[in-house]
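Visitor: dropping the sequence and predicted coords here.
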Amino acid sequence: MSYAPSAIEGVLPAFVTPFDNNGSVNVPMIRVLVARHLEEGCNGFFVCGSTGEGLLLDSDERKLVARTVIETVAGAVPVIVHVGAMSTREAAALAQDARKAGAAAVSSVPPIYFRVGLTGMMEHIRAIASAAELPTYYYHIPMLTGVELTGDELVQAFLNVEGVVGLKFTHTDMYFLWTILDAARGRLRVFNGADQMLFHGLCTGACGGIGSTYNYQMRTMVGIYQAFRRGDFETARKLQWRANQVIRVLFRNGGNIATEKAILKLQGFDVGIPRSPIVPFPEERLGELRRQLDEVGFFEY
C-alpha cells in the first residue's frame, strides 16, 4: 500500500526480530508482536534495523521478516524496511524486494567498514532510493556507523538525492536536530531515534519517533505522542519521565538488544536470544532485572 511521506509519522517500533530455539526467524511470534503493537496504537513499523538485528540476518531472512510484518499489518499502517548492507548491490536488491512486498518506505545506514567518504556514501544511498522507487530515509546513527556529518552537510547532501524524504535521527543532541530541521526548511522529515528524548525531539520538530523500547512500552510512547499532538505538554513530559525510568533500568543492565529481549521475555513474549556475536542476557540475572523493573512500576502499566 502506498503512503505519501507526510502520512508516515507518529510512533513506530524499531521492531525486534524474534528467533526460535533453533535460532531461526520465529514467524508466528512476529505475527503475535505485530498484532500487539497495532492493538496498542502504533502508527507504523520499522523492521530489520539495529534492534531487528538486520545486519546479522542473511538476505532471505531479512526478506522473510519484512514480508511477514507487511502481510500481518495488511495495510493498516505503513512499514519502513531497513535495507542497509555492506554492499550497494545487496542493499539495492533488498530495496527492490521491499517495494514488491508492499513496504511504504525504505531506510538505510551509510556504508560501514570501508571509509568511502561523502561521495561514496551518496552513491550508495542514491542507488538504494532508485532501486526502491519508494520514499527513502537516511539512518543517522553515528555511534554505530562512525559516520559523522554536520547538519548543513547532511541536508545539502540529501536534498540532492531523488527519493530521499528524511532521516531517522538516533542522537541525543537536540541542537544538532534543530540545525538539520532549520537547514531543511520543511524539505526533509525527521524521526526521533533516542527513546529517552521522544518528547524533546517532538518539541524540536520531529514528525514522530522510532525506537527499540517501544517494543515493550508502546502504550507509554504512544501516550507521549498523542499528548504532544493535542498540546498537553505536561502529560507528555510525565509520560516521558515514566518511559525514562524503564530506559534507565535498560541502561543499568547493558543497554543492548540482549537486555531488551530479556525484558520482552519477562513480559511473556519469548523472542529468543540475539544472534552471535551479541552475547545473550545471563539467565541468572533475570530475577534482578525483574526486580528493578518492578521498582519502577513497569509491569503495572
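Guide: Okay, I see it.
Visitor: tell me the backbone dihedrals of F169, please.
Guide: Backbone geometry at F169, expressed as degrees, to the nearest 10, gives phi -100, psi 100.
Visitor: for it, what are its contacts?
Guide: 140, 177, 180, 190-193, 201, 206 (Cβ atoms under 8 Å, 6 or more residues apart in numbering). All C-beta atoms are positioned from the backbone trio N, CA, C, and that covers glycine.
Visitor: the nearest residue to F176 once chain neighbours are set aside: neighbour count?
Guide: Distances taken as Cβ to Cβ, 6 or more residues apart in numbering put G151 closest to F176, at 5.9 Å, once the chain neighbours are dropped. For G151, the count of nearby residues is 18 (other Cβ atoms under 10 Å).
Visitor: doesn't T179 make contact with G151?
Guide: Yes. At 3.2 Å, G151 and T179 qualify as touching, with contact defined as Cβ atoms under 8 Å.
Visitor: in strands, which of the contacts of F169 fall?
Guide: 140, 190-192 (DSSP state E).
Visitor: quick one: the strands in the stretch 101-250 of the chain, in order.
Guide: Counting by DSSP state E, counting those that start in this stretch, the stretch 101-250 of the chain has strands at residues 105-108, 136-140, 164-169, 189-192, 208-211.
Visitor: for S2, which of those is the nearest?
Guide: Distances from S2 to each of the strands of the stretch 101-250 of the chain were compared using Cβ to Cβ; the minimum, 9.9 Å, belongs to strand 105-108.
Visitor: partners of that closest one in the sheet?
Guide: Sheet pairing for strand 105-108, assigned by DSSP bridges, gives strand 79-82 (parallel), strand 136-140 (parallel).
Visitor: contacting residues around that strand?
Guide: Contacts for strand 105-108 (Cβ under 8 Å, 6+ apart): 3, 5, 8, 46, 49, 78, 80-85, 91, 94-95, 98-99, 124-125, 128-129, 132, 134-139, 165, 168.
Visitor: chain center to it, what's the gap?
Guide: 11 Å (Cα atoms, centre = their mean, to the nearest Å).
Visitor: tell me which element F269 is part of?
Guide: F269 belongs to no helix or strand when assigned by DSSP states H and E.
Visitor: pLDDT score for S87?
Guide: At S87, the pLDDT value in this model is 95.
Visitor: distance check, the residue nearest to A95 when sequence neighbours are not counted against V73.
Guide: Closest residue in space to A95, ignoring its immediate chain neighbours: A132 at 3.7 Å, by Cβ to Cβ, 6+ apart. A132 sits at a distance of 18 Å from V73 (criterion: Cβ to Cβ, to the nearest Å).
Visitor: swap in Y175?
Guide: Look at Y175 and V73: by Cβ to Cβ, they are 35 Å apart.
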